[in-house]
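Asker: Coordinates for the following, if possible.
(2 chains)
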There are 2 protein chains.
Amino acid sequence: MPYGLEERDRQDLRHRRQRLGQHLAAPVLLWSGGALARNFPANVLPFRASSHFLYFAGIPLQNAVIALVGGEMTLYLDDAPEAATLWHGESPRRQDWAEYLGAIAHFPLADLGPQVQDQGQQWATIAPQDPLTRQHQEQILGRRVGDPRSPHALDLALTEVVISLRLSHDRFALAQLEAAAAVSMQAHGAALAATVPILAQGGGEAAVRSALEAVMIRHNMTPAYSSIVTVQGEVLHNDHYHHPLQPGDLLLVDGGAETALGWAADITRTWPVSGRFSPSQRAIYAVVLAAHDACIAALKPGVEYEAIHLLACEVLAQGLVDLGILRGQPLDLVAADAHALFFPHGVGHLLGLDVHDMEDLGDRAGYAPGRVRSDRFGLGYLRLHRPLQAGMVVTIEPGFYQVPALLEDPQRRDRYRHQVNWERLAEFADVRGIRIEDDVLITEAGCRVLTAALPTAIAALEALLNP
Amino acid sequence: MPYGLEERDRQDLRHRRQRLGQHLAAPVLLWSGGALARNFPANVLPFRASSHFLYFAGIPLQNAVIALVGGEMTLYLDDAPEAATLWHGESPRRQDWAEYLGAIAHFPLADLGPQVQDQGQQWATIAPQDPLTRQHQEQILGRRVGDPRSPHALDLALTEVVISLRLSHDRFALAQLEAAAAVSMQAHGAALAATVPILAQGGGEAAVRSALEAVMIRHNMTPAYSSIVTVQGEVLHNDHYHHPLQPGDLLLVDGGAETALGWAADITRTWPVSGRFSPSQRAIYAVVLAAHDACIAALKPGVEYEAIHLLACEVLAQGLVDLGILRGQPLDLVAADAHALFFPHGVGHLLGLDVHDMEDLGDRAGYAPGRVRSDRFGLGYLRLHRPLQAGMVVTIEPGFYQVPALLEDPQRRDRYRHQVNWERLAEFADVRGIRIEDDVLITEAGCRVLTAALPTAIAALEALLNP
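Answerer: A predicted model of the protein is given here:
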């Protein structure tokens, strides 16, 4: 059978379903979703199954529905028509999938509606992203789904249980996350090794992206998100790759692989395309790395993630004070959001089946009950605001950016005229953006960096750049 | 400005709009479509603009609408909100795009509905693939769109004009198709060069796919469709890549790049993973290549594409007779669909902005008015059934496959018991699937193979495999 699930994987899947059944009385229906047409119906966009479906079913079946009742799973799936064998080859039948995944029963999709109506029960569900599947879902359930303004009480209850389960990763999840991390580290290694030759050949960002993603493709993985490979590191979500590399540029590479079963990695490294950091780049890089290391050293169960974010801000502020870019006491600077001129985003997020895990549920997963986004500029972009617990995987990704929209804004320049030494800052003009990001598992004892085998130290990066 | 349109490109775009205005009195609205959520709203599937939008607007703007009236274009597009600058950087404004593309006016999207209603006219349109955009379209126009059972008369009229324009490629289109072909040939060259080392390292299909697609990514292009890289060549649309390469395997690689502006290439080569064809593989390959060459030699304006398909069938049948696999006269074998046991698909299709160009319109583009699909097994899968005309680009892709679902079907085995020498066929068991595919421009004088720089001859392929 495809995907190579082992018996212990299937045990973990069964255990997830049992825990769901223990915590939720209502029966549950989850849709996997379907492939959407790209430019014509037979040419489809890459299929990505719904993460909630993947969490309980394990594998990315297309156009499948699972019913989860009392810890047991029923699979609804249509067998491919005979004619499809010519074009797509022999594939497992519904019965094979059901046995493989441990479903207690299996039916064609046409049976789903009648069975749901016969049982006269209210089913809980979560909306998938694919709008055509959502239509099918609403038709089967006879009600709206996924409207954040008026969520169904059962769906809310299901959402809370799913969050509680998915916040802490089991053995199977960790094995997948480690596999994604391993390939992602190898991909960054290939991108590092390719950079100096690409500069010499007059190549650009696209060539480094090619080196990065080629490793993912070679391992039958896919980018978990649009890779960022940019000499304009100050553009936080840059998905263009048309710039040539120029001597003196820093290259910011934020790329992570996703396993065939949907589990993600998320790694950022920033390196000089010429192979050597300039003194100004070296100085700022050291500040960001200090923040990164301080955060990781502080991770353990019970610690508030917001405190980790604020720690990153303080270490960054201290470093920028030491470099003469900021003036004042770090704690005061952070309280005034002066650090956020250079570090406007949050220090990280949950990682799991989604690179921002469970972000399809809005802030329900990232924010503990009762908490809402801050209206402070230096805190409002924080995606995770919960106490840490063992089994969580989070990213730690402090950065330093010179964003023109922030630094050239007259109001901000006036507000921070005492805190920022603009003349000194001008000496660091060759640092457009630096980010250092790792994936970290919270353990009972503290934490373990899943992506530690890819170095962060300047000397180690330079060694990889100049083999 | 992005995408590097030259003045002559913009002239070609204007000329397309003028020709549309000359052939259609009704005003036209075309939607580009939007990026669809992958697993959460901020993590989107790769955006592909509607091909009809691309044909007249030129570039893949997201969530844009163009109005085409009397040969002139108006652009509806929202500027990115200020906050987006932080995450996505500075981007051109609507006014910049409008000037760049030669639009005579430009408005935010909110103006579209009122302007459409004020003018009290009936607008023609074509449905995009993206279901959310189609909802917006239906809301703006106040009617259903894209229902094949009851198409709107204006939409049908627009469709006919668009087909007539897009069937013959202009200079800009050809430049794009040639760029896609050049990168695709380079990609296949990289895949060829990588194969023997991958076999030696115990690698598999995924590693060859990586070599292929890395070239596309390096050139800021994308696969125009899911690459087929398979040792199971008999599975016609194989999009799995998990098999290791084994000595003796043939590898079928069907991959084409798409330019950033949406124009496609589509190339197939089949080669032995060990670097040398076996005698049986060599013999069948020569038969497929003879069909490929005969078809290309026969391409010229006025020739029926169905006749090209039948020519491929006859050459294949003759070759299989010569090898002792089939018995009888080639013309009789083709009339009996005996060739289709081994070549069940059509010999090719239109190529342009879509790899199956305009297949979103069903068979309206591929089939001349009044023609419908044959119910013969050997003809029913033909995607193109028109007389050829100068400016068309078509693929030529004969093949030979041993599909168990066909060859082990008791009814077929009985029906063709006199025509097939099953014992002789068994001597070619190491030929699971061979396809040879090139992209060909029909010219006034005959044709020009856009992908000719990638060799098809056995000796040349073996030279690339063993550099």
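Asker: going forward, measure contacts between C-alpha atoms and count neighbours the same way
Answerer: Noted.
Asker: Dihedrals phi and psi, A:Asp9?
Answerer: phi -70, psi -40 (degrees, to the nearest 10).
Asker: wait, doesn't it sit right on A:Phe172?
Answerer: Yes. The pair A:Asp9 / A:Phe172 is scored as a contact, 5.6 Å apart, by Cα atoms under 8 Å.
Asker: Pull the number of nearby residues for A:Phe53.
Answerer: 22 (other Cα atoms under 10 Å in any protein chain shown).
Asker: I figured it hits A:Trp31, correct?
Answerer: Yes. Using Cα under 8 Å, A:Phe53 is in contact with A:Trp31, at 6.3 Å.
Asker: tell me, what's touching the two both at once?
Answerer: Counting by Cα atoms under 8 Å, 6 or more residues apart in numbering or on different chains, the contacts common to A:Phe53 and A:Trp31 are A:Ile66.
Asker: any idea how far the helix ranked longest in chain A is from the chain center?
Answerer: The longest helix of chain A (DSSP state H) is helix A:171-200. Chain-centre distance of helix A:171-200: 15 Å, with Cα atoms, centre = their mean, to the nearest Å.
Asker: does stretch A:248-262 come close to chain B?
Answerer: No. Figure legend: stretch A:248-262 not in contact with chain B (Cα under 8 Å from any Cα of the partner chain); closest approach 9.8 Å.
Asker: re the thing from before, check which helices and strands the longest helix of chain A sits against.
Answerer: Contacts defined by 3 or more Cα pairs under 8 Å, 6 or more residues apart in numbering or on different chains; DSSP states H and E place helix A:171-200 against helix A:7-23, helix A:205-218, strand A:250-255, strand A:257-258, strand A:267-272, helix A:458-465.
Asker: out of the ones you listed, nearest to A:Met358?
Answerer: strand A:257-258 (15.1 Å; Cα to Cα).
Asker: so A:Arg134 sits right up against A:Thr125, yeah?
Answerer: No. A:Arg134 lies out of contact with A:Thr125 (Cα under 8 Å); the separation is 10.7 Å.
Asker: So for those two, which sits in the more crowded spot?
Answerer: Under the criterion of other Cα under 10 Å, the comparison of A:Arg134 against A:Thr125 puts A:Thr125 first, with 25 against 19.
Asker: surely the more buried one meets A:Ala157?
Answerer: No. Judged on Cα under 8 Å, A:Thr125 makes no contact with A:Ala157 at a distance of 9.5 Å.
Asker: Can you tell me the closest non-neighbouring residue to A:Val231?
Answerer: The shortest distance from A:Val231 to any non-neighbouring residue, by Cα to Cα, 6 or more residues apart in numbering or on different chains, is to A:Leu251 (4.7 Å).
Asker: What count of nearby residues applies to that neighbour?
Answerer: The local packing of A:Leu251 (other Cα under 10 Å) involves 28 other residues.
Asker: cool, the one 10 residues further on as well?
Answerer: The burial metric for A:Leu261, expressed as a neighbour count using other Cα under 10 Å, is 20.
Asker: Name all residues that make contact with it.
Answerer: The contact partners of A:Leu261, by Cα under 8 Å, 6+ apart, come to A:Tyr3, A:Leu54, A:Gly58, A:Ile59, A:Pro60, A:Gln176.
Asker: near chain B, which residues of the stretch 301-450 of chain A show up?
Answerer: The stretch 301-450 of chain A comes close to chain B at residues A:Asp354, A:Met358, A:Glu359, A:Asp360, A:Val403, A:Ala405, A:Leu406, as judged by Cα under 8 Å from any Cα.
Asker: And the buried ones among these, selectable in ChimeraX?
Answerer: Only the buried members of these end up in this ChimeraX selection, burial being decided by 16 or more other Cα atoms under 10 Å in any protein chain shown:
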select /A:354,358,359,360,403,405,406
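Asker: In JSON lines: the residues of the stretch 301-450 of chain A next to chain B, plus pLDDT.
Answerer: Below are those laid out as JSON lines (pLDDT from 0 to 100):
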{"residue": "A:Asp354", "pLDDT": "98"}
{"residue": "A:Met358", "pLDDT": "98"}
{"residue": "A:Glu359", "pLDDT": "97"}
{"residue": "A:Asp360", "pLDDT": "96"}
{"residue": "A:Val403", "pLDDT": "94"}
{"residue": "A:Ala405", "pLDDT": "89"}
{"residue": "A:Leu406", "pLDDT": "92"}
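Asker: Now flag whichever of the residues of the stretch 301-450 of chain A next to chain B is closest to A:Leu388.
Answerer: If you rank those by distance to A:Leu388 using Cα to Cα, A:Met358 comes first, at 16.0 Å.
Asker: I'd assumed A:Ala365 was in contact with that closest one.
Answerer: Yes. Between A:Met358 and A:Ala365 there is a contact at 6.1 Å, judged by Cα under 8 Å.
Asker: out of everything not next to it in sequence, what's closest to the residue of the stretch 351-467 of chain A found nearest chain B?
Answerer: Ranking the residues of the stretch 351-467 of chain A by distance to chain B (Cα to the nearest Cα) places A:Asp360 first, at 4.4 Å. Among residues not flanking A:Asp360 along the chain, B:Phe40 sits closest, at 4.4 Å (Cα to Cα, 6+ apart).
Asker: low pLDDT regions in chain A?
Answerer: Judged against pLDDT under 70, chain A has no low-scoring part.
Asker: What residue spans form the domains of it?
Answerer: According to automatic domain parsing, chain A comprises the domains A:2-167, A:171-465.
Asker: tell me, what's touching A:Met358 and A:Ala365 both at once?
Answerer: In the contact map built from Cα under 8 Å, 6+ apart, the residues linked to both A:Met358 and A:Ala365 are A:Ile163.
Asker: Next, count neighbours for A:Pro344.
Answerer: By other Cα under 10 Å, the residues close to A:Pro344 number 26.
Asker: can I assume it is in contact with A:Arg376?
Answerer: No. Between A:Pro344 and A:Arg376 no contact is recorded; they are 10.5 Å apart, counting by Cα under 8 Å.
Asker: Can you tell me, leaving aside adjacent residues, what's nearest to A:Arg8?
Answerer: Distances taken as Cα to Cα, 6+ apart place A:Phe172 nearest to A:Arg8, at 7.8 Å, with adjacent residues excluded.
Asker: quick one, what contacts the one you found?
Answerer: Contact analysis of A:Phe172 by Cα under 8 Å, 6+ apart lists A:Arg8, A:Asp9, A:Asp12.
Asker: From A:Gln62, how far out is it?
Answerer: 22 Å (Cα to Cα, to the nearest Å).
Asker: ok, now A:Met73?
Answerer: Distance of A:Met73 to A:Gln62, given as Cα to Cα: 17 Å.
Asker: Looking at these two, which is more packed in?
Answerer: Between A:Met73 and A:Gln62, counted using other Cα under 10 Å, A:Met73 has the larger neighbour count: 24 against 17.
Asker: what helix or strand is the more buried one on?
Answerer: Here A:Met73 sits within strand A:72-76, counting by DSSP states H and E.
Asker: Next: A:His292.
Answerer: Applying DSSP H and E, one finds A:His292 within helix A:279-298.
Asker: the inter-axis angle of that helix versus strand A:267-272?
Answerer: Between helix A:279-298 and strand A:267-272, the angle comes out at 160 degrees (axes from the mean of the first three to the mean of the last three Cα atoms, to 10 degrees).
Asker: Run through the neighbouring helices and strands of helix A:279-298.
Answerer: helix A:305-322, strand A:393-396, strand A:399-401, strand A:433-435.
Asker: List just the one of these that sits closest to A:Leu109.
Answerer: With Cα to Cα as the criterion, A:Leu109 lies closest to strand A:393-396 of these, at 35.5 Å.
Asker: Show me what that closest one is packed against.
Answerer: helix A:279-298, strand A:438-442.
Asker: Tell me the gap between the longest one and the middle of its chain.
Answerer: The one in question is helix A:279-298. The chain centre lies 22 Å from the centre of helix A:279-298; the measure is Cα atoms, centre = their mean.
Asker: you'd agree the residue nearest to A:Val231 is up against A:Trp271?
Answerer: Yes. Applying Cα under 8 Å, one finds A:Leu251 in contact with A:Trp271, separated by 5.3 Å.
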